[in-house]
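Colleague: Need a 3D model of the sequence below.
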Amino acid sequence: MAESTTENLFREFYGASTFTEKRDIPKKFGFQSKRATSTVDGFPDFFKDMGSWLIVVEAKSGAQGPKSDHAAAEADIRSYMTTNAVPHVDIVGIAVSGQAQESLRVTHFLRRGGTDEIEELAEPRSLVSLAALTKHYETAAFGDPLSDAELRRFLVQINERFHKDSRVRDTERSLFFSALMIALDDQQFRNVYMSMGKPEDERLVEAHYLNNQVIDAVRRQLVKKVNSESKKIDWGDRFAFVKTVDIPLAEYKKIVSDIDERVHQPSKNATKRDILGRAYKVFLSRAGKMDNKNIILTPDHIKTLMVDLASLVRDDVVLDTCMGAGGFLMDAMEQLVDQAHGDEKRIDHIHERQLIGIELDPILFALACSNMFLHGDGRSNLLFRDSLVTRGRTFAVAAPDLRLRDYIKSLKPTKCIINPPYENDLAIPFTMSAIEYLEEGGRLVIIMPNNTLSKASSEKAALAILGRARLDFVIDMPQQLFFEQNRGVKTSIFGFTKTSTGHTQDALVTFVDMTEDGHKVQVHYGRRDTGAWPAISRNVRRAIRDSVEDEAARSWRTPIFTDSGRLVARGVCPNPWPQAESHDLDSAIADWQEARATREEAQAAMDAVLTEAGIGGFDG
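Modeller: The predicted structure follows:
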């Protein structure tokens, strides 16, 4: 393993002339040797002056040893960030190790000018474009221009303005918000919206002309790309409700202006892209609709973790068969664009060919298209339709579904990241359909109830799945993960690799106990990070990547088939680590939510039996 290989991978990513090489770094910056107590000049492997801040880079081969492993790269970069002649300047340090682009380990640090403190950044966790790195630096140094807290505060205020006098129905607020965001991206709308007047006909709403301008802007922007395999969608019809929005004209214009200043413009520089998905959660929660069983929205930190676990490389084609508002595809698009190194043809190819999303819910589909439009426009392969092609808990594909199956397979998806509906054991057919779509060697990352493969009633389906794919890892989630949606279901992230040999009897699976994710329930605010999540996620990613047993990650390795060939989907060997500390409030809420979910499932099952018998179900 050679350090020069790592250096060449860094040059390949950024371009040979983007960074200053060690031998050419000006002495005025005063970098000193890495050796303790040394006062001799020494230089990092790469350097870049960004004007008001600096970047320094140290590369190591990644081979085991105190001078060549990743820890050595981290120690050396910290030394260069501390020992220099520019203590007043912000410095971003990058430690990188490895021998292949797809397996590089990368850690980013920040030292603020005027301090000796070096902060390890939670993101990014890979090499990213200079534009993306600049956004991450600015977020760390000056705060996210659109933080979760700030966005939530603003959306709550906007929701009250939409709600006043029933101006916008609660079920339409997220779409109305997305319409205004799209309109603000339309230069024709921006040129005229402030000059819109009231209609002379008093029978029309005061904002009649402005409403029409919003709909026209949406139609202009979204009609450009429609996939032929999608059910027909008329964007004018989808947003037709905007015609009835009755907000006083002056206040309406102020709302549009506020959204532009507080969300639309800052979103262009925000590191978190899924603005409309985040807005959807707020509007639903304020409307009291978050307990809808068909709406299981993935928390942002888990969404990002799942995309990371897919281990995307430049040419991957990413599929989400139940994409919701498009959060997984947004994160995937950002990672793939970063790997394009600014190559506009490659970025266009990502948008046109490397993102596939399918969604049956019309509101969520409209939000996904809006999200994609606002942040790069990867809408070419978004389909408004049912995605299931394996419906009988087998891999048999019925004749009516062959066309869709063949179309998706023609796009050659290599990664699939999904959070399917949980009711009626739908996770099983969604898992099967995803595997059916994937290329050989493709990876599926799916979050679903942790007993999906272990229930006695699902054993036949589980064995069928394991006949087509290898189970690589299972990560147990906190029971409170979906607290904000009043769901207490126990879930896990499963990672599969599609392979012709399936899961062999002696193959080991990496299990991780992540029932403690560093987030705690805060009354009125939901689950919030206590500061522990960056370290937890880092340990989990390392354990999965390296397939190791690790106490810090709470991971262990075990077969899922006994010597006699019996499937034990939760692992033959039990969790060896002490149980995480339980908090009374969390436990009480979890018990209540689990009991509620069990009762609702039992009620639904009973109703189905009674209906089939011609008796009919019971109310409440």
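Colleague: contacts, neighbours, all on C-alpha from now
Modeller: Will do.
Colleague: Can I get stretch 102-119 in CSV, CA atoms only?
Modeller: Output in CSV follows, covering the C-alpha atoms of stretch 102-119 (Å, rounded to 0.1, in the frame of the first residue of the first chain):
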residue,chain,number,x,y,z
GLU,A,102,-14.7,4.1,-3.6
SER,A,103,-13.1,3.1,-0.3
LEU,A,104,-11.3,6.3,0.8
ARG,A,105,-11.6,7.3,4.4
VAL,A,106,-12.0,11.1,4.8
THR,A,107,-12.3,13.3,7.9
HIS,A,108,-12.8,17.0,7.8
PHE,A,109,-11.7,19.4,10.6
LEU,A,110,-12.2,23.1,11.3
ARG,A,111,-10.0,25.4,13.3
ARG,A,112,-11.5,28.8,13.8
GLY,A,113,-9.1,31.7,13.6
GLY,A,114,-8.1,33.1,17.0
THR,A,115,-8.6,29.7,18.8
ASP,A,116,-6.6,26.6,19.3
GLU,A,117,-9.6,24.4,19.3
ILE,A,118,-10.0,21.9,16.4
GLU,A,119,-13.5,20.6,15.7
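Colleague: Next, the buried residues of it.
Modeller: Leu104, Arg105, Val106, Thr107, His108, Phe109, Leu110, Arg111, Arg112, Ile118 (16 or more other CA atoms under 10 Å).
Colleague: ok, Met181 - contacts?
Modeller: Contact analysis of Met181 by CA atoms under 8 Å, 6 or more residues apart in numbering lists Ile259, Asp260, His264, Leu374.
Colleague: buried subset of those residues?
Modeller: Counted by 16+ other CA under 10 Å, the contacts of Met181 give Ile259, Asp260, His264, Leu374 as buried.
Colleague: what residues are up against the third one?
Modeller: The contact partners of His264, taken as CA under 8 Å, 6+ apart, are Met181, Leu184.
Colleague: So it: helix, strand or coil?
Modeller: Following DSSP: H, G, I helix; E, B strand; the rest coil, His264 is assigned to helix.
Colleague: What does the pLDDT read for it?
Modeller: Here, the pLDDT recorded for His264 equals 90.
Colleague: cool, the last one as well?
Modeller: The pLDDT attached to Leu374 in the predicted structure is 82.
Colleague: now the second one
Modeller: Note on Asp260: pLDDT of 94.
Colleague: Spit out the contact partners of it.
Modeller: Per CA under 8 Å, 6+ apart, neighbours of Asp260: Met181, Leu184.
Colleague: right, and Gly488 touches Gln479 too?
Modeller: Yes: assessed by CA atoms under 8 Å, Gly488 is found in contact with Gln479 at 5.8 Å.
Colleague: Could you give the number of residues near the nearest residue to Asn381 once chain neighbours are set aside?
Modeller: Excluding its sequence neighbours, the residue lying closest to Asn381 (CA to CA, 6 or more residues apart in numbering) is Ile356, at 4.9 Å. By other CA atoms under 10 Å, the residues close to Ile356 number 24.
Colleague: got it, and Arg403?
Modeller: Other residues close to Arg403 by other CA under 10 Å number 13.
Colleague: Check the one 5 residues further on too.
Modeller: Other residues within reach of Ile408 by the criterion other CA under 10 Å amount to 19.
Colleague: Now Arg528: which helix or strand?
Modeller: strand 526-529 (DSSP states H and E).
Colleague: Beyond that strand, next helix or strand please.
Modeller: helix 533-546.
Colleague: and the end-to-end length of stretch 27-42?
Modeller: 9 Å (CA to CA, to the nearest Å).
Colleague: So for that stretch, mean pLDDT?
Modeller: 71.
Colleague: Likewise for stretch 121-137?
Modeller: Mean predicted lDDT for stretch 121-137 stands at 88.
Colleague: CA-only coordinates of it, as CSV, when you get a sec.
Modeller: The C-alpha coordinates for stretch 121-137 follow below in CSV (Å, rounded to 0.1, in the frame of the first residue of the first chain):
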residue,chain,number,x,y,z
LEU,A,121,-17.0,18.0,11.3
ALA,A,122,-19.9,15.6,11.1
GLU,A,123,-20.2,16.3,7.4
PRO,A,124,-18.9,15.8,4.7
ARG,A,125,-17.6,12.3,5.1
SER,A,126,-16.1,11.9,1.7
LEU,A,127,-14.2,14.1,-0.8
VAL,A,128,-16.6,16.7,-2.2
SER,A,129,-16.4,19.5,-4.7
LEU,A,130,-14.9,22.8,-3.6
ALA,A,131,-18.3,24.4,-3.9
ALA,A,132,-19.8,21.8,-1.6
LEU,A,133,-16.9,22.1,0.8
THR,A,134,-17.3,25.8,0.9
LYS,A,135,-21.0,25.4,2.0
HIS,A,136,-20.0,23.0,4.7
TYR,A,137,-17.3,25.4,5.9
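Colleague: List the buried residues of that stretch.
Modeller: Buried-residue list, stretch 121-137, by 16+ other CA under 10 Å: 121-122, 124, 126-129, 132-137.
Colleague: nearest to Ala368, of the residues you listed?
Modeller: Relative to Ala368, the closest of the buried residues of stretch 121-137 is Ala132; by CA to CA it sits at 22.2 Å.
Colleague: Go through stretch 77-96 and flag the buried ones.
Modeller: 77-84, 86-87, 89-96.
Colleague: do the same with stretch 53-67
Modeller: Buried-residue list, stretch 53-67, by 16+ other CA under 10 Å: Trp53, Leu54, Ile55, Val56, Val57, Glu58, Ala59, Lys60, Ser61, Gly62, Ala63.
Colleague: any chance of these in JSON lines, plus distance to Ala141?
Modeller: Below are the buried residues of stretch 53-67 laid out as JSON lines (distance: CA to CA, whole Å):
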{"residue": "Trp53", "distance to Ala141": "10"}
{"residue": "Leu54", "distance to Ala141": "13"}
{"residue": "Ile55", "distance to Ala141": "14"}
{"residue": "Val56", "distance to Ala141": "16"}
{"residue": "Val57", "distance to Ala141": "19"}
{"residue": "Glu58", "distance to Ala141": "21"}
{"residue": "Ala59", "distance to Ala141": "24"}
{"residue": "Lys60", "distance to Ala141": "27"}
{"residue": "Ser61", "distance to Ala141": "30"}
{"residue": "Gly62", "distance to Ala141": "29"}
{"residue": "Ala63", "distance to Ala141": "33"}
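Colleague: and these, which of them are in strands?
Modeller: Judged by DSSP state E, the buried residues of stretch 53-67 include Trp53, Leu54, Ile55, Val56, Val57, Glu58, Ala59, Lys60 as members of strands.
Colleague: quick one: pLDDT of the first one?
Modeller: Listed pLDDT for Trp53 reads 96.
Colleague: can you give me the strands in the stretch 201-350 of the chain?
Modeller: For the stretch 201-350 of the chain, the strands defined by DSSP state E, counting those that start in this stretch occupy 318-320.
Colleague: Run through it and note the low-pLDDT ranges.
Modeller: Along the stretch 201-350 of the chain, the parts satisfying pLDDT under 70 run over 224-228, 270-273, 285-295.
Colleague: how about a cut-off of 50?
Modeller: For the stretch 201-350 of the chain, the stretches with pLDDT under 50 are 290-293.
Colleague: quick check: domain ranges of the chain?
Modeller: 3-142, 148-285, 290-322+387-576+586-599 (automatic domain parsing).
Colleague: just so I have it, where are all the strands in the stretch 51-200 of the chain?
Modeller: According to DSSP E, counting those that start in this stretch, the strands that the stretch 51-200 of the chain contains are 53-60, 90-97, 105-111, 118-120.
Colleague: any chance of those strands in TSV, with distance to Ala398 too?
Modeller: Formatted as TSV, these follow (distance: least, CA to CA, whole Å):
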stretch	distance to Ala398
strand 53-60	53
strand 90-97	48
strand 105-111	44
strand 118-120	51
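Colleague: Many thanks, have a good one.
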